[in-house]
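> got a structure for you, letters missing:
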């Protein structure tokens, strides 16, 4: 299916925005005296970074008309994201999560406080459908349908209307064990991702949700068989990523990086892939993806702060990594 070049936006996303409250590495949450605040949420992160690297992006969600809702909107607006699709509510809340960073032997802990956030009550009739569907690519994740039955039904409706309008669909499995079981995720996600144009799935999510293990090519082939996705990208952690364009496998190693903050790297990878893929070049997208994932790992917060010029320079001159730019 060709891209619709007449659409107002390159990518439109729909999902929950969250506020992330974290303590520095080595500090326990129960002993914290202050918290770092960042706007987060997979779809929010993606819309923000797409805009920062020069793509026309739009974000649709439900937010409360209070200082925290406006904080989220200001964050996205500053990045250049269109917010005409935000449904503002006079009551309700923004979900939050708390992060306790750690080093071995402890694992980083994430504690969610997102129950009954504004988006959990969303219904299809609340959305601005004309704006939502005025896009070349619609990006969704497996997080939103896991929140509530109302969210699941809304995502179903978005996918159905996008297909009817011949809009390309991108979907990131993004399994969250604290939202639903592996069995429920498999049952819930599989119908949503049938025949999607671009499927993202992490190596661990493939194993846990779909029972797929093995070499990268084996994982991709099994995902293709189960989903009929037209093109697939599987993230491989510190090994990089592998893509499949419907015919060929493309492997891209990770960029060497000193890790500061792991959260958000998968979203950055997806942004890079979409950036190249929108121009018809999945291989270039994978290069963008591992570069942006590396940037995400090297910065505090879920949202990556960068420019098109910085990304181009990093991709053109990886030998300069770590040097002082004067």
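Looks like it came in fine. What you are looking at is a predicted structure, and each value in this text was computed from that prediction instead of being measured. Numbering: from 1, shown residues only.
> Tell me which stretches of the stretch 201-326 of the chain form strands.
232-235, 241-244, 249-252 (DSSP state E, counting those that start in this stretch).
> what would those look like in a markdown table with mean neighbour count and distance to residue 99?
For the C-beta atoms, the positions are set from N, CA and C on the backbone; glycine is no exception. Shown next, in a markdown table, are the strands of the stretch 201-326 of the chain (neighbours: other C-beta atoms under 10 Å; distance: least, C-beta to C-beta, whole Å):
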| stretch | mean neighbour count | distance to residue 99 |
| --- | --- | --- |
| strand 232-235 | 25 | 20 |
| strand 241-244 | 24 | 24 |
| strand 249-252 | 17 | 28 |
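> closest to residue 266 out of these?
Taking C-beta to C-beta, strand 232-235 is the member of those nearest to residue 266, at 6.0 Å.
> Which neighbouring elements make contact with that closest one?
strand 198-202, helix 203-210, helix 216-227, strand 241-244, helix 265-277, helix 282-297 (3 or more C-beta pairs under 8 Å, 6 or more residues apart in numbering; DSSP states H and E).
> got the contact list for the shortest one?
Applying C-beta atoms under 8 Å, 6 or more residues apart in numbering, the contact partners of strand 241-244 are 216-217, 219-221, 224, 231-236, 249-252, 254, 269, 273, 282-283, 285-286, 289-290.
> Just want the phi and psi numbers for residue 162.
phi -60, psi -40 (degrees, to the nearest 10).
> I'd say it and residue 138 touch.
Yes - at 4.9 Å, residue 162 and residue 138 qualify as touching, with contact defined as C-beta atoms under 8 Å.
> overlap in contacts of the two?
Common neighbours of residue 162 and residue 138 (C-beta under 8 Å, 6+ apart) are residue 169.
> Neighbour count: those two, which is higher?
Per other C-beta atoms under 10 Å, whichever of residue 162 and residue 138 has more neighbours is residue 138, with 27 against 21.
> Give the helix, strand or coil label for that one.
Following DSSP: H, G, I helix; E, B strand; the rest coil, residue 138 is assigned to strand.
> Now do the helices in the stretch 1-150 of the chain.
Taking DSSP state H, counting those that start in this stretch as the criterion, the stretch 1-150 of the chain carries its helices at 42-52, 67-79, 129-132, 144-147, 149-164.
> Let me have the ones you listed in TSV, adding mean pLDDT and distance to residue 315 as columns.
Below are those laid out as TSV (pLDDT from 0 to 100; distance: least, C-beta to C-beta, whole Å):
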stretch	mean pLDDT	distance to residue 315
helix 42-52	98	15
helix 67-79	98	21
helix 129-132	96	32
helix 144-147	98	31
helix 149-164	98	31
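> Deepest in the core, which of those helices is it.
helix 42-52 (a mean of 27; mean count of other C-beta atoms under 10 Å).
> Packing partners of it?
Using 3+ C-beta pairs under 8 Å, 6+ apart: helix 42-52 touches strand 9-14, strand 57-64, helix 67-79, strand 135-141, helix 265-277.
> pLDDT of stretch 109-124, averaged?
Averaged across stretch 109-124, pLDDT comes to 95.
> Equivalent analysis for stretch 232-245, please.
96.
> same question, stretch 264-283
Here stretch 264-283 scores 97 as its mean pLDDT.
> buried stuff in that stretch?
264-278, 282 (16 or more other C-beta atoms under 10 Å).
> confidence score at residue 317?
73.
> For it, give its distance to residue 240.
19 Å (C-beta to C-beta, to the nearest Å).
> more neighbours, the two?
residue 240 (18 against 10).
> Phi and psi next, for the more buried one.
Torsion angles, degrees, to the nearest 10, at residue 240: phi 100, psi -130.
> who touches it in this structure?
Contacts of residue 240 by C-beta under 8 Å, 6+ apart are 251-254, 286, 290.
> Going by distance to residue 27, which of those residues wins?
Among the contacts of residue 240, and counting by C-beta to C-beta, the member closest to residue 27 is residue 254, at 28.3 Å.
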